[in-house]
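Novice: below are the sequence and a predicted model for it; my questions follow.
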Amino acid sequence: MSDIAASGAYYIAAAADKIYANPGTITGSIGVIISYVNAEKLLGKVGLEFVTVKSGQFKDVGSFARPTTPEDKKLLQAMIQDVVGQFTDDVVKGRLDKLAVAAGIKAKSEIIKKELVREYVAVKIADGRIITGKEALALGLVDELGSIDDAIEGTAKMIGLKGRPWVLTAKKKQGLSGWINSKVEDLGFKALKNEVGFSVKFLLR
């Protein structure tokens with residue numbers, strides 16, 4: 001983890017065999033949020049009426065043109081709790097033993113240990129707070145403090161390589177041709193780029 005690896009980025013990292021973070025990395029943010037704008041009053045001031053035809057009561061939940069009802073909030077809150085529960089379960093699954101050590105949980109039963117660790121994560125960590133890499137280490141969310149070089153050397157050791165391995169990084173094409181290729185690829189085309197000049201051919205995938 002470099003500068004920032006919070007929320008979804010931590011979700012991805014939680015499945016790793018070993019997580020490195022800088023002491024000042026911003027991480028954590030285990031939680032779920034939904035936010036949207038309500039512009040009903042503004043529409044009324046300028047004389048605009050937003051018409052909605054829908055198939056069910058909740059089809060336009062989050063619409064900017066009407067107020068959020070208590071039923072809407074209840075539905076959204078239930079969805080948020082379900083998703084944050086999945087998030088928490090996956091963090092616990094990926095880091096069960098490491099979180100147990102950090103929390104001082106010594107239950108011999110795997111079922112009880114999992115329940116206690118989940119409670120620990122839900123109460124102490126999964127409230128959306130952001131934390132530093134140093135704090136994450138103390139909480140059991142990361143394994144070591146270190147840089148990308150430390151992570152590379154540690155990975156090499158884990159798979160039995162001696163010394164620092166060569167690391168190959170795919171670099172993005174720069175300049176006009178690179179920009180054109182990225183935009184065309186966004187539209188679902190595959191770019192075949194020449195190494196020199198700006199001649200670019202595109203084929204349907």
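Specialist: That came through, no problem.
Novice: check contacts around the residue sitting furthest away from the middle of the chain.
Specialist: Using C-alpha atoms, centre = their mean, the residue of the chain lying farthest from its centre is Gly47. It sits 40.5 Å away. By C-beta atoms under 8 Å, 6 or more residues apart in numbering, the contact set of Gly47 is empty. Placement of C-beta: from N, CA and C, glycine included.
Novice: ok, the residue nearest to Val84 when sequence neighbours are not counted to Thr169 distance?
Specialist: With C-beta to C-beta, 6 or more residues apart in numbering as the measure, Val32 is the residue that lies nearest to Val84, at 4.6 Å, once sequence neighbours are left out. Look at Val32 and Thr169: by C-beta to C-beta, to the nearest Å, they are 33 Å apart.
Novice: between these two, which has more neighbouring residues?
Specialist: In this comparison of Val32 against Thr169, neighbours counted by other C-beta atoms under 10 Å, the higher total goes to Val32 at 16 against 4.
Novice: sec struct for that one, please.
Specialist: Recorded secondary structure, Val32: coil (DSSP: H, G, I helix; E, B strand; the rest coil).
Novice: what comes up buried for the top helix by length along the chain?
Specialist: The helix that spans the most residues within the chain, counting by DSSP state H, is helix 70-103. By neighbour count on 16 or more other C-beta atoms under 10 Å, the buried set for helix 70-103 is 72, 76, 84, 87-88, 91-92, 94-96, 98-100, 102-103.
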